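Enquirer: coordinates only, sequence not included:
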């Protein structure tokens, strides 16, 4: 993917230098859907960065001024014109609007350059920051899946199922909101 520049960010492929940034937030993932991506050490982060560098779906989010990686996005093509999206950011950078800015940049790229018709994201019903992000991006909540997925087990080893919301936006909705 070609880099995408926003006012404060650069969205690009992963590079070797991103391992410390990735490790900073995946050593203790804040959201249950990323528990399986927990990284044990910097060496594991280096291996994960190598894997992501080969992917067309994974996007590193970096500060324009310093190049520091502060989060990541993914956009997985499903069919001809639909993308499943997600994001994960270092909590040290929360509250500054970086996730919104990065996702808006990615949305514009997917709709205008890649010809996407529909974008959607799954969000756990307890993940309020991601729900609010979806709403800021103009996505609508399409549904709630009860006990949809499990990312952890209880003390007895039984899966703990979480409720998951689906948010989506169509290109025509995005264009209308963007005044295009």
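Expert: Perfect, thanks for sending it. For clarity, every value in this text was computed on a predicted model and none was experimentally measured.
Enquirer: okay, CA-based contacts and neighbour counts for the rest of this
Expert: Will do.
Enquirer: burial count for residue 63?
Expert: 18 (other C-alpha atoms under 10 Å).
Enquirer: same deal with residue 16?
Expert: Neighbours of residue 16 (other C-alpha under 10 Å): 14.
Enquirer: Wait, it touches residue 49, no?
Expert: Yes. Look at residue 16 against residue 49 with C-alpha atoms under 8 Å: they come within range, at 6.3 Å.
Enquirer: roughly how far apart are the residue of the chain most remote from its centre and residue 147?
Expert: Taking C-alpha atoms, centre = their mean, the residue of the chain most remote from its mean C-alpha position is residue 156, at 31.4 Å. Residue 156 sits at a distance of 18 Å from residue 147 (criterion: C-alpha to C-alpha, to the nearest Å).
Enquirer: likewise residue 169?
Expert: In terms of C-alpha to C-alpha, residue 169 sits 24 Å off from residue 147.
Enquirer: Adjacent strands (with direction) for the helix or strand of the chain with the lowest mean pLDDT?
Expert: Sorted by mean pLDDT, DSSP states H and E, the helices and strands of the chain end with strand 140-153, the least confident at a mean of 81. When sheet partners are counted by DSSP bridges, strand 140-153 sits next to strand 159-170 (antiparallel).
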